[in-house]
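> the sequence and its predicted three-dimensional model are supplied below.
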Amino acid sequence: MNKKAFTLIEVIMSVIIVSIVVMGAMQIQEQNSDMASYLLKRGNSELDNALFLTDKVQRYSKDKKNAYDMLVDEFSIKDFDSRDILKKIEKKINTTEPQAIPIGGTEDEQPMFVFYSSEILLNGDYPARYYTFK
């Protein structure tokens, strides 16, 4: 009787190939998990940054402020837990002086209108850059 079977080398090679495929899949899963974690933290940081984009942000260039200090004049925050959370969110604020940007007309003519733009840099775990236009 002639029996066909796998040799030991064929079994070892198939185990090695399956191991390589599984390790690759695990590495891709880890990278996806790291990227999801980064995106979650970055998104939360963007939400935190929005707390600092008030009208008075221009006053605090080169200062480190917390979100509570930025919002205390805007909202009545009576809950002590909320105050503590807002006080823990800190950013270093850097702003530039407003720059005039003329619109319309040629170099020799008077512009149709002028608006002003300034830059707001919020430095923290995830720095962000914003622009204001007036």
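In hand now; what should we look at? Residues are numbered from 1 along each chain as shown.

> which SS class is the residue most central in space within the chain?
With distances taken as CA atoms, centre = their mean, the residue of the chain nearest its centroid is R42 (3.5 Å). State at R42, reduced to three classes by DSSP: H, G, I helix; E, B strand; the rest coil: helix.

> kindly report the same for T106.
coil.

> for this structure, what helix or strand is lowest in average pLDDT?
Every helix and strand of the chain was ranked by mean pLDDT, DSSP states H and E. The lowest is strand 99-103, at a mean of 88.

> what is that strand packed up against?
With contacts taken as 3 or more CB pairs under 8 Å, 6 or more residues apart in numbering; DSSP states H and E, strand 99-103 sits against strand 113-123. No exception for glycine: its C-beta is placed from N, CA and C like everyone else's.

> mean confidence score for the strand it packs on?
Averaged across strand 113-123, the pLDDT comes to 91.
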